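A.B. asks: Prediction below, plus the sequence it came from.
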Amino acid sequence: MTGLYIHVPLCVARCRYCDFYKVTPDELPDIGLFLECLDIELGRLPQGFAPETVFIGGGTPTALDPGNFAALLASIRRHIDLSKVVEFSSEANPGTLTPEKLEAMRVGGINRVSIGVQSFNDRALRLLGRIHDADTAIEGFRMLRDAGFDNVNLDLIQSIPGMTPSEVLDDARRAAQLGPEHISYYNLIYEPGTALTRERDSGNVVPPGDDEEADNYFAVKAVLEDAGYDHYEISNFSRAGKPCLHNTLYWQGGEYFGCGPSAHSHWNRARFGNLPDLAEYCDRMRSGERPFDEIETLSPEEKARETLVMWLRMTQGVDLEAFRAISGFAADELCGPAIDSMLEEGLLVRDGVRLSLAPDALFVSNAVLSELI
Ligand SMILES: C[S@@+](CC[C@H](N)C(=O)[O-])C[C@H]1O[C@@H](n2cnc3c(N)ncnc32)[C@H](O)[C@@H]1O
Ligand code: SF4
């Protein structure tokens, strides 16, 4: 499977926790220039590239007005063979939705929308610096349904400072009650350089302790599983048959091109990332230069190791025979001693040809998986 990612580097305002690359409307006098340069980059992708998944992310794609969104979709269609596309997603911020915009998205081929709710608690939303409140998020979800979208993801964040355990549970229940096909439930990350991290460092914001975060994680998981969601990846839940194909492609070592400033690509074991700078990106596109500085080429073994670690994020684990067929390596050959000691410590579980994270290790997965790299 192959994928295409498009990064729209525009947000109405900067959320206080987020370090994704974006500019705000006052910093971007001409969105047309970005669309023109993206069109150039799409036109340079290899002939015959026919992805199964397309994901428009950001930033906030829905910060574009309906005309510009339609122009972006037309540009993708002009350059990319979409005949094999199964899943065509766009991210959306609830504070930016209108029926006209959603119509432009649906008509243009989008069949899955991921909406950034983060929390149903208005105090938490203010702390995060979101541009919307809980009612607007619920209204946004209803607008998506009214526009005919039957494959919707909600993004939520848990362990937001100041939320009590019962408020966390309330968020999970309200997400499940809305009944989306998919829920991504991220633990809040304190990214370097963000406003929230500065406030934590100065003591104005106090995160919950590790034990409380772990309790939240397992409590949210229980609520969503009781409501019929399958916990299929560390931070992701879906209704039967509705996992996110685009992210599954990342987790199973699939190849993809990323277009737009800061977008990453992984193709033929080569990895490269576009510069996170819109002006530089546009200059390079217009002068025929490539929008990235370095290409890192992974050896077959490095690529296999990376795939193993990413694939282990999926709760079903890795089918070791499928992994060998795809990567050309047996998992034991890559990191046998580390796997053996983690099996002994109970961090990994082996069931026939399946190797997976132990349920208790899901919350500490980053530490566990980094041992295998
Ligand atoms: C590009 S945004 C989604 C679309 C839109 N920009 C919005 O925020 O509504 C991607 C998602 O990443 C998550 N995210 C971003 N920064 C995060 C952080 N520091 N910790 C946890 N989740 C984060 C948020 O849940 C957010 O919805
Ligand atoms: S979370 Fe979404 S809306 Fe907020 S700054 Fe990040 S990309 Fe923009």
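C.D. replies: Yes, it's here. Numbers count the residues shown, from 1 in each chain. Ligands and ions are numbered 1, 2, ... in the order given.
A.B. asks: Spell out, range by range, the strands that occur in the stretch 101-250 of the chain.
C.D. replies: Taking DSSP state E, counting those that start in this stretch, the strands of the stretch 101-250 of the chain run over residues 112-118, 152-158, 182-187, 230-233, 236-238.
A.B. asks: Please convert those to JSON lines, extending it with mean pLDDT and distance to ligand 2.
C.D. replies: (C-beta placed from N, C-alpha, C; glycine too.) Shown next, in JSON lines, are those (pLDDT from 0 to 100; distance: least, C-beta to the nearest ligand atom, whole Å):
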{"stretch": "strand 112-118", "mean pLDDT": "98", "distance to ligand 2": "5"}
{"stretch": "strand 152-158", "mean pLDDT": "98", "distance to ligand 2": "8"}
{"stretch": "strand 182-187", "mean pLDDT": "98", "distance to ligand 2": "10"}
{"stretch": "strand 230-233", "mean pLDDT": "98", "distance to ligand 2": "20"}
{"stretch": "strand 236-238", "mean pLDDT": "98", "distance to ligand 2": "17"}
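A.B. asks: gap between N204 and P161?
C.D. replies: For N204, the distance to P161 (C-beta to C-beta, to the nearest Å) stands at 9 Å.
A.B. asks: ok, A92 touching V113?
C.D. replies: Yes: under the criterion of C-beta atoms under 8 Å, A92 makes contact with V113 at 5.3 Å.
A.B. asks: who are the neighbours in contact with the residue of the stretch 51-200 of the chain found nearest ligand 1?
C.D. replies: The stretch 51-200 of the chain approaches ligand 1 most closely through G116 (2.1 Å), counting by C-beta to the nearest ligand atom. Going by C-beta atoms under 8 Å, 6 or more residues apart in numbering, G116 touches E91, A92, N93, P94, R130, D155.
A.B. asks: Over to T297?
C.D. replies: R269, A270, R271.
A.B. asks: Mind jotting down where the helices sit in the stretch 151-300 of the chain?
C.D. replies: Taking DSSP state H, counting those that start in this stretch as the test, the helices found in the stretch 151-300 of the chain are 165-178, 195-201, 210-226, 245-251, 278-286, 300-311.
A.B. asks: Would you tell me which of those helices gets closest to C11?
C.D. replies: helix 278-286 (12.2 Å; C-beta to C-beta).
A.B. asks: Show me what the mean pLDDT comes to for that closest one.
C.D. replies: Averaged across helix 278-286, the pLDDT comes to 97.
A.B. asks: so what does that helix touch, helix or strand wise?
C.D. replies: helix 31-43 (3 or more C-beta pairs under 8 Å, 6 or more residues apart in numbering; DSSP states H and E).
A.B. asks: Could you double-check that T60 sits in contact with S90?
C.D. replies: No: counting by C-beta under 8 Å, no contact exists between T60 and S90, whose distance comes to 9.9 Å.
A.B. asks: between the two, who's got more neighbours?
C.D. replies: S90 (29 against 24; other C-beta atoms under 10 Å).
A.B. asks: And the more buried one, its phi and psi?
C.D. replies: phi -140, psi 140 (degrees, to the nearest 10).
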